[in-house]
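Q: Provide a 3D model corresponding to the input given below.
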Amino acid sequence: MVREVKLKQSNFAVGLDVGTTKVCVVVARKNNNSSKIEVIGVGSSVTKGLRRGVVIDVEETVTSISAALEKAERMSGIHIDHAYISVGGTHLEAIDNKGVVAISSKEGEITVEDEDRTIEAASAVNLTPNREILHVIPQAFTVDDQEGIKDPVGMTGIRLEVKTHIIHGSMPAIRNLSKCIDQAGADIDGMVVVPIAASMSVLSKRQKELGCALIDLGGGTTSIAVFEEGNIIGSRVLPIGANHITNDIAIGLRTSVDIAERVKIEYGTAMKKDINKKDEIDLSSFSKIEDAKVKRVDVVDIIEARLSEIFSLVRKELNKIKKGSLLPCGVILTGGGAKLPGIVDFVKEELKLPAQVGFPRDIEGIVDRVDDPLFSVPLGLVIWAFEQGGSNKSFIKSLKNVPINSFMKNAKKWFKNFLP
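A: Numbers count the residues shown, from 1 in each chain. Coordinates of the predicted model:
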């Protein structure tokens, strides 16, 4: 039986990840006696209304979201009327910008108001009318000539500067996603971009401090977020993902996409050395209308070719910010594509960096249902909700629609989550 619990007035939170291939929902609660969050409900469904993270069919998307929410409601026994949602897609872009102000007090002591004005100045960027700011992330402050300051409040100086990382997206894409959530019967508490949400659940503060790259291998896109000294120093969404591997297999084997996906799951690997080159795959075991036998090594060649393309693009992005081989904690992989056998060894060879699959940390409850890189984003969303105390709505909405003081308060609170 589903209970009518008002989530906004309780210690419950819901994370809703609407991906290209799947919708995943996590319902969790925060126990005052534990630092961990307790997962009490999970739901997922196949997505058919998105392409590369962007809604292309509202009705199909609403159906998928409703199905996932219903499953999560049945498992948790709680009616879901609102959620934190992820935003992905190739429409997301990022820029770095600085803001500078003169310190207002006669004594030269920096106040919270000075900090707020600095971030506000940095957020004044020229975007086209169809773009909407999702995150303004303070990276570091400079007081006069002293750089790399985390929290300048209380210090003395004449000039205060902040460097920020600003992530913005297509307003139509964001509103179409919002419309689908609304039609599925849920209010939106906040929006968080995919790689940042995933980082909340799988990365430690030590990894963010020493330097690492989180790579979310989704169905239609690959999302990247790079961290160093506790700050996010770069982010990008690439228009290529695990679905492209499936499509390549379908073309190479001259079979359907559905069969190609099953072949990928059951026989796919990223490392040719892990298989017997004489192994064959009988396609008739997947469908009666198929009668061909194919060499497994041919399938692996197809997978390796597409993975090489994906990670060559990742390498280019890392080189742009001069971190090609300079991340001590290496690469942490999440998303459905991270479940491909051999992917860790492949990434180590391709990027010349340490690599591992990221699994959600510090959770309890029905852990077996979410101990999967596929659930890193929705779990990150509920962690975000609890750490923000339910108050980050203004931070992640467009600056044009919220009071700037409230925005600054929550931006700084979120920024401090990345500190060691």
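Q: which helix runs longest in this protein?
A: Using DSSP state H, we find that the single longest helix of the chain is helix 296-320.
Q: contacts for that one?
A: Helix 296-320 is contacted from outside by 213, 215, 217, 222, 224, 226, 234, 236, 238, 240-241, 244-245, 248-249, 252-253, 263-264, 267-272, 275-277, 279-281, 324, 327, 340, 343, 346-347, 350-351, using Cβ atoms under 8 Å, 6 or more residues apart in numbering. (C-beta placed from N, C-alpha, C; glycine too.)
Q: that one - what's its average pLDDT?
A: For helix 296-320, mean pLDDT rounds to 96.
Q: partner strands of the helix or strand that it is followed by, with direction?
A: Per DSSP states H and E, helix 296-320 leads on to strand 331-334 as the next helix or strand towards the C-terminus. Applying DSSP bridges to the sheet, strand 331-334 is found paired with strand 212-217 (parallel), strand 355-357 (parallel).
Q: give me the helices and strands touching the following helix or strand past strand 331-334, please.
A: Using DSSP H and E, the helix or strand that follows strand 331-334 in sequence is helix 343-351. Identification of packing neighbours for helix 343-351 by 3 or more Cβ pairs under 8 Å, 6 or more residues apart in numbering; DSSP states H and E yields helix 296-320, strand 331-334, strand 355-357.
Q: may I see the buried residues of the helix or strand residue 75 falls within?
A: Using DSSP H and E, residue 75 maps to helix 58-76. Going by neighbour count (16 or more other Cβ atoms under 10 Å), the buried part of helix 58-76 is 61-73, 75-76.
Q: got it, and stretch 129-138?
A: Result for stretch 129-138 [16+ other Cβ under 10 Å]: buried residues 131, 132, 133, 134, 135, 136, 137, 138.
Q: what's the spacing between residue 104 and residue 160?
A: Residue 104 sits 10 Å away from residue 160, going by Cβ to Cβ, to the nearest Å.
Q: more neighbours: those two, which one.
A: residue 160 (25 against 13; other Cβ atoms under 10 Å).
Q: wait, is the more buried one part of a strand?
A: Yes - assessed with DSSP: H, G, I helix; E, B strand; the rest coil, residue 160 lies in a strand.
Q: what residues are up against the nearest residue to it once chain neighbours are set aside?
A: Excluding the flanking residues, the one nearest residue 160 by Cβ to Cβ, 6 or more residues apart in numbering is residue 118, at 5.1 Å. The contact partners of residue 118, taken as Cβ under 8 Å, 6+ apart, are 99, 100, 101, 141, 160, 161, 162.
Q: what bridges to the last one?
A: Here residue 162 shows beta-bridge partners residue 99, residue 141, assigned using DSSP bridges.
Q: neighbours of it, how many?
A: Residues contacting residue 162 under the criterion other Cβ under 10 Å number 26.
Q: quick one, what contacts it?
A: So residue 162 contacts 98, 99, 115, 118, 119, 121, 122, 138, 139, 140, 141, 142 (Cβ under 8 Å, 6+ apart).
Q: 6 Å - rerun?
A: 99, 118, 119, 122, 138, 141 (Cβ atoms under 6 Å, 6 or more residues apart in numbering).
Q: what's the answer for the second one, then?
A: Residue 100 makes contact with residue 161 under the criterion Cβ under 6 Å, 6+ apart.
Q: run the last query once more with 7 Å
A: Counting by Cβ atoms under 7 Å, 6 or more residues apart in numbering, residue 100 touches 121, 159, 161.
Q: and those, which are buried?
A: Burial by neighbour count, 16+ other Cβ under 10 Å: within the contacts of residue 100 this picks out 121, 161.
Q: now render the contacts of residue 100 as a markdown table, adding distance to residue 180 and pLDDT.
A: Compiled in a markdown table, the contacts of residue 100 are given as follows (distance: Cβ to Cβ, whole Å; pLDDT from 0 to 100):
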| residue | distance to residue 180 | pLDDT |
| --- | --- | --- |
| 121 | 35 | 93 |
| 159 | 46 | 94 |
| 161 | 40 | 95 |
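Q: which of the contacts of residue 100 lies closest to residue 188?
A: residue 121 (28.3 Å; Cβ to Cβ).
Q: ok, now which ones touch that closest one?
A: Shown in contact with residue 121 (Cβ under 7 Å, 6+ apart): 99, 100, 101.
Q: from the residues you listed, pick the one nearest residue 362.
A: residue 99 (33.8 Å).
Q: how many neighbours does the closest one have?
A: 21.
Q: ditto for residue 367
A: Neighbours of residue 367 (other Cβ under 10 Å): 13.
Q: so what's it up against?
A: Residue 367 touches residue 39, counting by Cβ under 7 Å, 6+ apart.
Q: for residue 267, give me its contacts.
A: 281, 296, 299.
Q: if I look at the second one, how far off is residue 284?
A: The gap separating residue 296 from residue 284 is 15 Å, by Cβ to Cβ.
Q: which of the two has more neighbours?
A: Neighbours per residue (other Cβ under 10 Å) separate residue 296 from residue 284, with residue 296 holding more: 19 against 12.
Q: against residue 266, how distant is the spatially closest residue to the more buried one that is not a sequence neighbour?
A: Nearest non-adjacent residue to residue 296, counting by Cβ to Cβ, 6+ apart: residue 279, 4.0 Å away. From residue 279 over to residue 266 the distance is 12 Å, taken as Cβ to Cβ.
Q: between the contacts of residue 162, which is nearest residue 44?
A: residue 138 (34.6 Å).
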